[in-house]
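Q: Build me a model from this:
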Amino acid sequence: MRSRSVRRFEGQFHQAPLFLGETVKDWLRREKSMDRVGINASPLQIRLATDADRARLVPMINSAFEVEGFIEGTRTDDERLAAMMQNGDILVAEDGAGSLLACIYTEVRGARGYLGMLAVDPASQGTGLGGWLVGAAEDHLRRQGCEAVDINVLSMRPELVPIYRKFGYGEIGTEKFYPSRPLKAGIECHCIVMSKQI
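A: Residues are numbered from 1 along each chain as shown. Here you go, the predicted model:
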């Protein structure tokens, strides 16, 4: 079982250190950028997900991915999430009341890391939380020895490509998409592979 020791994280856009257990409010206050980032003043924390979080993570993830109407069914379920947590880590952001607001999957693949399933609760989308969590995930992978990070963006979600470009990722190729659920009739989809040196 992997150690769950305290790790330092860094924000993608604001390079001040963020420590596990420190609130985003405190971090943003130090950066004097609360208004610019747009995250509200309620305390937020980042931590590694545990098996006990799965029951709350599944509906939050599925709600965030409802926009992907080209896939039959939901994005994830308890069984699939449990399997992912065996292969990698899920970082979660939660507010002061313990509500899960966002998550991202990380996996070490040799000297390269992989990020996937970035999900932000619809009520918290557009606050900068997703970008902050991507930065924390990159730091998590860097501290495990990764030198680069790869992500797969679905071709049916072209609006995500410029967002990840802003995070420093560039397109390096395409791959076949192997969906966990069937695609709706007539839909063709592939993965756009993007990468970033960390």
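
Q: longest helix of the protein?
A: When the chain is parsed with DSSP state H, its longest helix is helix 129-142.

Q: helices or strands up against that one?
A: strand 8-10, strand 44-48, strand 89-95, strand 100-109, strand 112-120, strand 148-154 (3 or more C-beta pairs under 8 Å, 6 or more residues apart in numbering; DSSP states H and E). Any C-beta I mention is one placed from the backbone N, CA and C, and that applies to glycine too.

Q: mind listing what's buried in stretch 111-122?
A: Across stretch 111-122, burial judged by 16 or more other C-beta atoms under 10 Å covers 112-121.

Q: just those residues now: which is nearest residue 98?
A: Nearest to residue 98, judged by C-beta to C-beta, of the buried residues of stretch 111-122 is residue 121 at 13.3 Å.

Q: any idea how far the closest one is from residue 113?
A: Going from residue 121 to residue 113 by C-beta to C-beta, to the nearest Å gives 24 Å.

Q: So for residue 22, what's the pLDDT?
A: pLDDT for residue 22: 48.

Q: which residues of this structure score low on pLDDT?
A: By pLDDT under 70, the weakly predicted segments of the chain are 1-42.

Q: one more time with 80
A: Across the chain, residues meeting the criterion (pLDDT under 80) sit at 1-44, 66-74, 179-182.

Q: Now find how far off-centre the host helix or strand of residue 163 is within its chain.
A: Per DSSP states H and E: residue 163 is located in helix 160-166. On the basis of C-alpha atoms, centre = their mean, to the nearest Å, helix 160-166 sits 14 Å off its chain's mean C-alpha point.

Q: how big is the angle separating whichever helix or strand comes after that helix from strand 148-154?
A: Downstream of helix 160-166, the next assigned helix or strand under DSSP H and E is strand 170-176. Compare the direction of strand 170-176 with that of strand 148-154 by axes from the mean of the first three to the mean of the last three C-alpha atoms, to 10 degrees and you get 60 degrees.

Q: Dig out what the nearest residue to residue 117 once chain neighbours are set aside forms beta bridges with.
A: Leaving out its chain neighbours, the residue that sits closest to residue 117 by C-beta to C-beta, 6 or more residues apart in numbering is residue 105, at 4.4 Å. Beta bridges link residue 105 to residue 90, residue 116 when assigned by DSSP bridges.

Q: List the residues that contact residue 105.
A: Listed by C-beta atoms under 8 Å, 6 or more residues apart in numbering, the contact set of residue 105 reads 84, 88-90, 114-118.

Q: what's the answer for residue 121, then?
A: Residue 121 neighbours (C-beta under 8 Å, 6+ apart): 60, 63-64, 100-102.

Q: ok, now residue 79?
A: Contacts of residue 79 by C-beta under 8 Å, 6+ apart: none found.

Q: Kindly indicate whether residue 123 is helix, strand or coil.
A: Following DSSP: H, G, I helix; E, B strand; the rest coil, the label given to residue 123 is helix.

Q: Thanks again, I'm all set now.
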